[in-house]
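1. take this sequence and fold it.
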Amino acid sequence: MKAEVILSPGEYVHHSLRGATAVVIDVFRFTTTVLTALEAGLDRFYPVAEVEEAWALKEANPRVKLAGERQSLKIPGFDFGNSPLEHYGKSYSGGDLVCSTTNGTRAIQAAKGAEEVVLASLRSAEAVAAYLRRSAGEIVILPAGVDGKFSLEDTWCAGLILSKLDVEELGDGAKTALLLWEQIDRSQLVQSAHGRRLQNLGLHADLEFCLEIDASPGLVLWDQFTGWGALSR
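-> Below is the predicted model of the structure:
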């Protein structure tokens, strides 16, 4: 098994994902939120980069729910923002979610071309690692970053997942992620750029929820050919 971590969204274009399992991480908050929404009973999610795409899908199918944010704030007119606590403890009887966020949904679109695409968060780190341990191939981890830049919490999560794997060949980005995980305490992640933004918005409960490790057994997979993602069954 070999693994690499792409440390910044600006570097996505310099890496080939062909034949690899791509792991997309957006701890604060998209991959955490999607996991929580699906575990609450929603059937599928469909990530889009732009708000206009989400509205077009809603027009074509009024039954879908819209979820998303810009600059961490709920998009006006959408059914949900991007908080996992909007879904935690709920019990939905199915339904589809169309999502558009500043960082996470763009990272998912950047994963096109991989053999398969997995979503990961701190809450699902062990579930993701268990899935990856069954693969002998190449793993490429895509931290979603913040506004196109490096993200401490996403890269730390990548290091956590790598620490659970027996990787024979680590790329430079993967080595960096492991060092971050080893040297920085999880409690310090709230002081990342994105963490401070959420604190300034008073979203302390979201941060606490997103920072829980291995709290969920759920595994989220995204099918790049249909555009829909769901919990692995």
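2. could you use CA atoms for every contact and neighbour count after this?
-> OK.
3. which parts of this structure are helices?
-> 30-39, 51-60, 104-110, 125-133, 152-163, 172-183, 193-200, 204-210 (DSSP state H).
4. I'd like these as TSV, with mean pLDDT, distance to residue 217 and mean neighbour count appended.
-> TSV is the format used below for the helices of the chain (pLDDT from 0 to 100; distance: least, Cα to Cα, whole Å; neighbours: other Cα atoms under 10 Å):
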stretch	mean pLDDT	distance to residue 217	mean neighbour count
helix 30-39	98	10	26
helix 51-60	96	29	15
helix 104-110	95	21	22
helix 125-133	97	5	20
helix 152-163	98	14	26
helix 172-183	98	21	18
helix 193-200	97	25	17
helix 204-210	98	15	18
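5. okay, the ones you listed in JSON lines with distance to residue 94 next?
-> Shown next, in JSON lines, are the helices of the chain (distance: least, Cα to Cα, whole Å):
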{"stretch": "helix 30-39", "distance to residue 94": "9"}
{"stretch": "helix 51-60", "distance to residue 94": "17"}
{"stretch": "helix 104-110", "distance to residue 94": "21"}
{"stretch": "helix 125-133", "distance to residue 94": "23"}
{"stretch": "helix 152-163", "distance to residue 94": "29"}
{"stretch": "helix 172-183", "distance to residue 94": "37"}
{"stretch": "helix 193-200", "distance to residue 94": "30"}
{"stretch": "helix 204-210", "distance to residue 94": "23"}
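6. can you pull up the most central residue in this protein?
-> Nearest to the mean C-alpha position of the chain, counting by Cα atoms, centre = their mean, stands residue 31 at 3.0 Å.
7. surely that one meets residue 122?
-> No: judged on Cα atoms under 8 Å, residue 31 makes no contact with residue 122 at a distance of 9.3 Å.
8. how near is residue 59 to residue 45?
-> For residue 59, the distance to residue 45 (Cα to Cα, to the nearest Å) stands at 16 Å.
9. ok, residue 30 next?
-> For residue 30, the distance to residue 45 - Cα to Cα - is 11 Å.
10. give the residues shared as contacts by the two.
-> Here residue 30 and residue 45 have no joint contacts, going by Cα atoms under 8 Å, 6 or more residues apart in numbering.
11. one step back: looking at the helices of the chain, spot the one closest to residue 73.
-> Residue 73 lies closest to helix 193-200 among the helices of the chain, at 9.7 Å (Cα to Cα).
12. what angle do the closest one and helix 152-163 make?
-> On the basis of axes from the mean of the first three to the mean of the last three Cα atoms, to 10 degrees, helix 193-200 is oriented at 120 degrees to helix 152-163.
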